[in-house]
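S.K.: okay, sequence plus prediction incoming.
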Amino acid sequence: MNDVGSLAHLSDLYRQMFLIRRLEEEAARAYATGKIGGFLHLYIGQEAVGVGACAAMQKDDYVITTYRDHGLALAKGMSPRALMAELYGKKTGCSQGLGGSMHLFDEAHHMLGGYGIVGGHIPVAAGVAFANKYKGNGRVTLCFFGDGAVSIQGFHEGISLAALWKLPIVFVCENNEYSMGTPLSRTLSVEDVSLKATGYGIPHDRFFAADVLEVEQRLGAAIERARKESMPSLIEVRTYRFRGHSMSDPGKYRTAAELEEHKKRDPLLLTRGKLEAAGEKERLADLEAQVEKEIQDAIEFAEQSPDPDPSILEQTTYSGPFAY
Amino acid sequence: MLEEMERDDRVFLMGEEVGFYNGAYKVSEGLLERFGEKRVIDTPIAEGGFAGIGVGAAIVGLRPIIEFMTWNFSAVAFDQILNNAAKMRQMSGGQLKCPIVFRGPNASAKQVGSQHSHAMEHFYATIPGLKVVAPAFPADAKGLLKAAIRDDDPVLVMESETLYSVKGEVPDDLDTIPLGVARRVREGTDCTIVAYSRMTHVALEAAAALEKDGISVDIVDLRSLRPLDEDSLVDSVRRTHHCVVVHEGWPYGGVGAEISDRVQRLAFDDLDGPVLRVTSLDVPMPYNAKLEELVIPHSDRVVAAVKRALNR
C-alpha cells in the first residue's frame, strides 16, 4: 500500500493530475486547429477522481469508463504518447487510431475502455467482475460513469446483478452536476445518487473530490470491501468539470460565478498549494518541467506518426468474410 | 453445450430459467446438476444486464453462452450486441476479442402474437463483427453450436421453438461443423431454393409437392447467414438457372434481399429469370391462427413462387 501521508506520494499524485490537466489543455488546442476530430470530452476539473481511484487500486485491478476517458487512461498507466496519438487517429495510438477520444483501450494496463453509449458499459463492467470472481483471482473492477447514466437501464441492471451475485466491483458515479447541459435537479427526483445503493442492498458513500488523498482513502475502503468480501459498492464522487460537456459546448447553462466558485476549489491547485506550503517548490518545478517535456514529446510523436493502413479494417472487425 | 462445458471450464451458461427450471424449452436440462451454480447461472429478467455481463466476461478470457428465452427479448439487449459485442475488437484496435455465444429460439412459434414472433436474424446478420447461424437439423444444431462456442468472435445461434422436437441422425463422433458452409439438402435440376432454419423443412415439403408436377428442386440450406456461403449459392444457381429464397421475417431488406443481390451479381449470366423471395408478409404477426398461417411462409407459397420463377 502507498504511504499516503508522505510528500513523495502526494507529489506523485500531483504529477499525474498535472499531466492530465496539461494533456487535456493541449488536446483542446489541437482540437481547435482541427488535428483532433469528432467528439472531445475533457476531464479538466475531475482529475482527482481518476488519480485518487487508481492510487487506491492494485496494478491488476480493472477500470472501465465512459467517453470522458482520457484522465482515467493516463492514471491507469497509459502513456501520453499512446493517448495523444489515438486522439490524432494515428496507428501508434492505443487503439491504432480506430477508437479515438471516446474509445481508449489499454489491455496491458487493464484499462478496458471508454464507451460511447451512456450506461452501456456498466453491465460490461459487472461482467469483468463476474469473470474475476469466476477465476478467483482477487482482482477488483472499478466502473466509472457520470450522473447522466443514473437514469438509464444499464445502470440499474448492471448494479442490480452485481449486487445479486456479490461481484467484486466498485461503481463510481462521477457526479459533475450536469448531464450534458441539464442540471441534476432536472434529471433525478432524488439528487443524492448514492442513495440508489440502498435499493440494491449494497454499501454506499458520497463525498466531494476536493482532496485527492481523500478520494484515494474513501474509494480504497470500497475497493478493499470488494476484494475481501466480494461486496460491491456505489460511491458518488462529487466533482465539477471546468469545460463544457464536449468541445462544442460553450456551457451557457451555468453562470460564470458558479464556475469561478468551483475553480477556487480546484483539487489540482489545492494539492499544489499543499506541496508548496510543505516546502516542495523545487520538486514541483522539476516535475512540472518533466510533464511539459512529456506532453511535448507526446504531441510530436502523434504529429509524426503514420495513419493506420486500410488493411487494418477487416482484421480488427472479425475473422470474416465481408459483404460488399 | 454439455460436451463443450466439459471440454473447457471457461465456458458457462447464463440466462433466464436455464438452471433450476432446466431451461424454458428444456434445452439446458441436467446442466445445473452436472456443473453447478457457478457455471449454470439463472438470471433475473434483465437481458440488457446479462448480455452485457457476458460481453464483459468474454473480453477478459471466459467463453460465455448467453441464452435468450427467445430472440425477441434480445431487442432490449440490442445495444450490448451492436455496440459492445460486435465492436469490442475494433474499438480496442484489436487488443480485445469477444468470444461469446448468444443463443435461443427465433422467429414464429404458434399464435404468440406480434411481440413474440420476430425473425431477429435480419437485424443481426447486417452487423459486421457478428456471426449468425440458423441450423435446421439436429446434427447441424450440435455441430454449429460447438463451433460457435470455440470461435473467437461473437456468434449468434438462431434456434427454433418449433424445431426443438425434430428428431434426426446425429453421428456419435460429430465434432464441430464449420461456420459459413451451406449444405445441399436436396439435389435437383430446375430451380434452386435457398432456405435456413425451419424454412428448410418448408422448402423440402414444397420440393416434394413440386416433384409430383415434374419439377426438380435443388435446396441449399444455408446453415450460416454470416459468414455466407456464396460459392454454394452460385454453384447451385449455375446448374438450375432459377432461384427462390425462403425465410421468415419481413420482405423489406433482410437476408433474402442480400442473397438476391449476391445471386444476381455473381451468377447473372446463369440466371433465366429474376430471383424471387418468399417471406413473411409485411405486417406484424397477428394472433388469429388463420391470419398467422397466411402471414408465415408455407409450402404452397413456395410452390407458387417456384412455378412463377419457371413460368409454369
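M.R.: In hand now; what should we look at?
S.K.: surely residue B:140 is in contact with residue B:223?
M.R.: Yes. Assessed by CB atoms under 8 Å, residue B:140 is found in contact with residue B:223 at 5.5 Å. For the C-beta atoms, the positions are set from N, CA and C on the backbone; glycine is no exception.
S.K.: compare these two (neighbour count), which wins?
M.R.: Neighbours per residue, other CB atoms under 10 Å in any protein chain shown: of residue B:140 and residue B:223, the larger number sits with residue B:223, 27 against 24.
S.K.: could you count how many residues lie near the residue in the stretch 51-200 of chain B that chain A sits nearest to?
M.R.: Taking CB to the nearest CB, chain A has its nearest neighbour within the stretch 51-200 of chain B at residue B:56, 2.1 Å off. Residue B:56 has 36 neighbours, counted by other CB under 10 Å.
S.K.: contacts only, for it.
M.R.: Shown in contact with residue B:56 (CB atoms under 8 Å, 6 or more residues apart in numbering or on different chains): A:64, A:123-131.
S.K.: now, which of the residues you listed lie within helices?
M.R.: In helices, defined here by DSSP state H, the members of those are A:123-131.
S.K.: give me the subset of these that also touch chain B.
M.R.: Among those, the ones lying near chain B by CB under 8 Å from any CB of the partner chain are A:123-131.
S.K.: what would the residues you listed look like in TSV with pLDDT?
M.R.: Below are these laid out as TSV (pLDDT from 0 to 100):
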residue	pLDDT
A:123	98
A:124	98
A:125	98
A:126	98
A:127	98
A:128	98
A:129	98
A:130	98
A:131	98
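S.K.: out of these, which one sits closest to residue B:261?
M.R.: residue A:124 (34.5 Å; CB to CB).
S.K.: which single residue in chain A comes nearest to chain B?
M.R.: Scanning chain A for the residue nearest chain B gives residue A:127, at 2.1 Å (criterion: CB to the nearest CB).
S.K.: so what's that residue closest to, chain neighbours aside?
M.R.: Excluding its sequence neighbours, the residue lying closest to residue A:127 (CB to CB, 6 or more residues apart in numbering or on different chains) is residue B:56, at 2.1 Å.
S.K.: quick one, phi/psi of that neighbour?
M.R.: Dihedral pair for residue B:56: phi -60, psi -40, per degrees, to the nearest 10.
S.K.: what strand or helix carries the spatially closest residue to residue A:176 that is not a sequence neighbour?
M.R.: In space, and not counting its chain neighbours, residue A:176 is closest to residue A:241: 4.7 Å by CB to CB, 6+ apart. Using DSSP states H and E, residue A:241 maps to neither a helix nor a strand.
S.K.: same deal with residue B:102?
M.R.: Using DSSP H and E, residue B:102 sits in strand B:101-105.
S.K.: just checking, which helix or strand succeeds that strand along the chain?
M.R.: helix B:121-125.
S.K.: state the mean pLDDT of the very next helix or strand once past that next one.
M.R.: Counting by DSSP H and E, the next helix or strand C-terminal to helix B:121-125 is strand B:131-133. Averaging pLDDT along strand B:131-133 gives 98.
S.K.: ok, stretch A:208-225 next?
M.R.: The model assigns stretch A:208-225 a mean pLDDT of 96.
S.K.: next: stretch A:270-289.
M.R.: Average pLDDT, stretch A:270-289: 95.
S.K.: which parts of that stretch are buried?
M.R.: A:270-272, A:274-275, A:280, A:283-284, A:287-288 (16 or more other CB atoms under 10 Å in any protein chain shown).
S.K.: and of these, the nearest to residue A:194?
M.R.: Of all the buried residues of stretch A:270-289, residue A:194 sits closest to residue A:270, with 23.0 Å by CB to CB.
S.K.: domain-wise, how is chain B divided?
M.R.: Here the domain parsing of chain B from automatic domain parsing is B:2-163, B:183-309.
S.K.: save those as JSON lines, and put in distance to residue A:105 too.
M.R.: Formatted as JSON lines, the domains of chain B follow (distance: least, CB to CB, whole Å):
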{"stretch": "domain B:2-163", "distance to residue A:105": "4"}
{"stretch": "domain B:183-309", "distance to residue A:105": "25"}
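S.K.: can you say which of these is packed in most?
M.R.: domain B:2-163 (a mean of 22; mean count of other CB atoms under 10 Å in any protein chain shown).
S.K.: mind checking the end-to-end distance for it?
M.R.: One end of domain B:2-163 to the other measures 20 Å (CA to CA, to the nearest Å).
S.K.: over to stretch A:308-321?
M.R.: End to end - CA to CA - stretch A:308-321 spans 21 Å.
S.K.: mind listing what's buried in that stretch?
M.R.: Neighbour count says stretch A:308-321 has A:308, A:312, A:316-318 buried, by 16+ other CB under 10 Å.
S.K.: filter these by proximity to chain B?
M.R.: A:312, A:316-318.
S.K.: so what pLDDT did residue B:185 get?
M.R.: As predicted, residue B:185 sits at a pLDDT of 98.
S.K.: contacts for the strand or helix carrying it?
M.R.: Following DSSP H and E, the helix or strand that holds residue B:185 is strand B:183-186. Applying CB under 8 Å, 6+ apart, the external contacts of strand B:183-186 come out as B:136, B:140, B:200, B:203-204, B:207, B:217-221, B:223, B:232, B:236.
S.K.: mind running it again at 6 Å?
M.R.: Outside strand B:183-186, the residues that touch it by CB atoms under 6 Å, 6 or more residues apart in numbering or on different chains are B:207, B:219-221, B:223.
S.K.: just stretch B:226-246 next, same as before
M.R.: With CB under 6 Å, 6+ apart as the criterion, stretch B:226-246 contacts A:321, B:125, B:131-132, B:180-182, B:190-195, B:199, B:203, B:218, B:220, B:256, B:259, B:262-263, B:266-267, B:270, B:272-273, B:275-278, B:297, B:302, B:305-306, B:309-310.
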